[in-house]
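> structural data only, the sequence is not supplied:
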């Protein structure tokens, strides 16, 4: 099962057909994705479920429905165990960004964290789950596929919020502050934390 978010409402890719309660079932092969996105954005529908019989083909078939944007990002810890957050578009988020050229996804994640926050000395500890969300750019829907990595750093310098990317604040948040920030964040990010 996979979840692709439209804002904070999921499109669930699954092989199981269940009775509709606060969600709607669609067949993956024949679904009009634009109508599903519109329904999630404009109705009380809590989620949409796209059904396909072959679990191994769910994600591959779905990703062919819209242009893909590949990104890398980091859940970065400092020596005190605080997590690095950015504040963008009035929401708390983790730093991430699009892959450039033929760089590896690991290089993308490290580069983007540094560009968006000014934090350097990053070391990847392990990969985390991949997240998916649908966004609209220039009138067209796209799927952002973000590969996340747990990272650590001993960085203690000044932050540099990448304002041209809409970032207005960068902060290390402790456990309590993280819990509070997640109240004003995205479902994908809450799932990573």
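Perfect, thanks for sending it. The structure displayed is predicted, hence computed values, not measured ones.

> let me see the contact set for residue 25.
17, 18, 49, 51 (C-beta atoms under 8 Å, 6 or more residues apart in numbering). Any C-beta I mention is one placed from the backbone N, CA and C, and that applies to glycine too.

> next, find the distance separating the second one from residue 33.
So the one you mean is residue 18. Shown here: residue 18 relative to residue 33, a distance of 20 Å by C-beta to C-beta, to the nearest Å.

> the more surrounded of those two?
Using other C-beta atoms under 10 Å as the criterion, residue 18 and residue 33 rank with residue 33 on top: 20 against 11.

> for that one, give me its contacts.
65, 66, 141.

> model confidence over the helix or strand in which residue 179 is found, on average?
Taking DSSP states H and E as the criterion, residue 179 maps to helix 175-181. This predicted structure assigns helix 175-181 an average pLDDT of 97.

> tell me which residues in it are buried?
Neighbour-count burial for helix 175-181 flags 178, 181 (criterion: 16 or more other C-beta atoms under 10 Å).

> how's the protein carved up into domains?
Dividing the chain into domains by automatic domain parsing, as the record does, gives the ranges 2-63, 68-192.

> could you point out which element follows the helix holding residue 179?
Next helix or strand after helix 175-181 toward the C-terminus (DSSP H and E): helix 187-192.

> what secondary structure does the residue of the chain positioned farthest from its centre sit in?
Most distant residue from the mean C-alpha position of the chain: residue 19, 28.4 Å away (C-alpha atoms, centre = their mean). Look at residue 19: counting by DSSP: H, G, I helix; E, B strand; the rest coil, its state is coil.

> what is the rounded mean pLDDT of the longest helix along the chain?
Among the segments of the chain that qualify as a helix by DSSP state H, the longest is helix 105-117. Here the mean pLDDT over helix 105-117 is 98, rounded to a whole number.

> may I see the buried residues of that helix?
So helix 105-117, judged by 16+ other C-beta under 10 Å, has buried residues 105, 108, 109, 110, 111, 112, 113, 114, 116, 117.

> closest to residue 177 out of the residues you listed?
Comparing the buried residues of helix 105-117 against residue 177 with C-beta to C-beta picks out residue 117 as the nearest, at 16.1 Å.

> which of the buried residues of helix 105-117 lies closest to residue 153?
The nearest one, if we look at those relative to residue 153 and count by C-beta to C-beta, is residue 113, at 8.8 Å.

> and the strands in this protein?
Along the chain, counting by DSSP state E, strands occupy 2-6, 9-14, 23-27, 47-51, 68-77, 83-88, 91-93, 96-98, 123-137, 140-152, 167-173.
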